[in-house]
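> what follows is a predicted protein model with its sequence.
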Amino acid sequence: MEKLLAVLGNPIGHSMSPVMLNDVIKVNNIEAYYLPFHVKNDDLPAAIRGLRAIGVLGFNVTIPHKTAIIPLLDEVDKLALSIGAVNTVVNENGRLIGYNTDGYGFLKGLNAYITSLSDKKVLVIGAGGAARAIYFTMAKMKPLAIDIANRTIGKAEELIAACPFDTSSKALSLVEAGDQLAEYDVIIQTTMIGMHPKIEEIPISLEHLNQQSLVCDIIYNPLETQFLKEAREKGATIQNGIDMFVYQGALAFEKWTGIFPDVNRMRENVLLQLGGVKC
């Protein structure tokens with residue numbers, strides 16, 4: 001009998017996870033299927049009860065349910081709990097256990113460009129949910145420093161104070177970060193600036209960008225944001241958000257099945273859906 005895997009969100013029609021993950025389910029000969037479910041905010045508790053009742057194998061959680069789902073689970077991984085967000089749930093003998101694969105997904109994608117962070121100075125732009133997942137997970141790897149730049153410095157300071165891992169960090173304004181940009185080996189853009197309708201905007205000035213830097217943007221639609229375009233034109237190496245998206249899905253799949261899937265195949269499927277070529 002086939003098992004159910006799912007993704008819950010509001011909205012959910014834009015999700016590329018079903019095509020990406022149903023393909024790897026098929027090629028790995030797993031008796032399961034992965035379906036998207038549009039779950040309104042007030043209906044989340046009922047949806048979780050329903051998934052429990054039918055014995056779901058596991059599921060993903062996307063906006064806006066990543067925090068609201070935590071009290072509905074039987075157990076939450078320590079890192080996910082510290083981040084305050086769950087994006088992957090595994091059913092272990094009737095117990096629903098929550099994880100966050102976003103930060104590890106980003107780091108997995110980073111491995112193609114950087115093998116060690118121990119001598120790297122990192123700048124994270126933004127202080128929202130994605131920044132929190134990446135910052136907390138990266139802090140475990142003990143880079144030389146991770147600074148947070150945000151429009152509201154107070155939110156950056158709160159993020160640094162909440163981190164459960166020892167790391168060298170300071171909060172910066174966007175202007176300060178732009179002025180100091182040459183200091184950073186890795187720059188990670190985690191805000192929504194660059195997506196429609198803000199496709200012509202960038203979060204900070206790249207005037208002082210070091211061309212030896214790796215510049216990342218977690219946005220993957222468009223494949224090359226204005227931020228990445230300007231960084232590329234200045235000679236820097238760039239990475240869009242496809243790797244993070246693919247690897248967080250691959251890590252979730254591994255938790256459900258014990259199999260780490262072919263990420264290159266997954267990446268090609270996402271690119272096919274986007275109708276583009278990796279930048």
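Looks like it came in fine. Numbering: from 1, shown residues only.

> please make it C-alpha for all contacts and neighbour counts, starting now.
Noted.

> on the three-state scheme, I30 is what?
Using DSSP: H, G, I helix; E, B strand; the rest coil, the structure places I30 in coil.

> next: L5.
Three-state call for L5 (three-state DSSP): strand.

> tell me which residues in the one helix or strand A46 maps to are buried?
For A46, the host element (DSSP states H and E) is helix 44-53. Residues of helix 44-53 classed as buried: 44, 47-48, 51-52 (neighbour count, 16 or more other C-alpha atoms under 10 Å).

> also stretch 156-164?
Under the neighbour-count criterion of 16+ other C-alpha under 10 Å, stretch 156-164 has 156-157, 159-160, 163 buried.

> could you do stretch 122-140 as well?
Residues 122-127, 129-139 are the ones in stretch 122-140 that count as buried (16+ other C-alpha under 10 Å).

> for the helix holding A46, C-alpha coordinates in CSV please.
In CSV, the C-alpha atoms belonging to helix 44-53 read as follows (Å, rounded to 0.1, in the frame of the first residue of the first chain):
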residue,chain,number,x,y,z
LEU,A,44,-3.8,23.5,10.7
PRO,A,45,-4.7,21.5,13.9
ALA,A,46,-7.4,19.6,12.1
ALA,A,47,-5.0,18.9,9.2
ILE,A,48,-2.4,17.5,11.5
ARG,A,49,-5.0,15.3,13.2
GLY,A,50,-6.1,14.0,9.8
LEU,A,51,-2.5,13.2,8.7
ARG,A,52,-2.0,11.4,12.0
ALA,A,53,-5.1,9.4,11.4
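
> run through who's touching it.
Identification of contacts with helix 44-53 by C-alpha atoms under 8 Å, 6 or more residues apart in numbering yields 39, 65, 69, 72, 94.

> hmm, 6 Å instead?
Residues outside helix 44-53 that contact it (C-alpha atoms under 6 Å, 6 or more residues apart in numbering): none.

> show me the helices in the protein, by range?
17-27, 44-53, 78-83, 102-110, 129-139, 153-162, 174-179, 226-233, 242-257, 263-274 (DSSP state H).

> quick one: which of these is nearest V186?
helix 102-110 (9.9 Å; C-alpha to C-alpha).

> elements contacting the closest one?
With contacts defined as 3 or more C-alpha pairs under 6 Å, 6 or more residues apart in numbering; DSSP states H and E, the packing partners of helix 102-110 are helix 129-139, helix 242-257.
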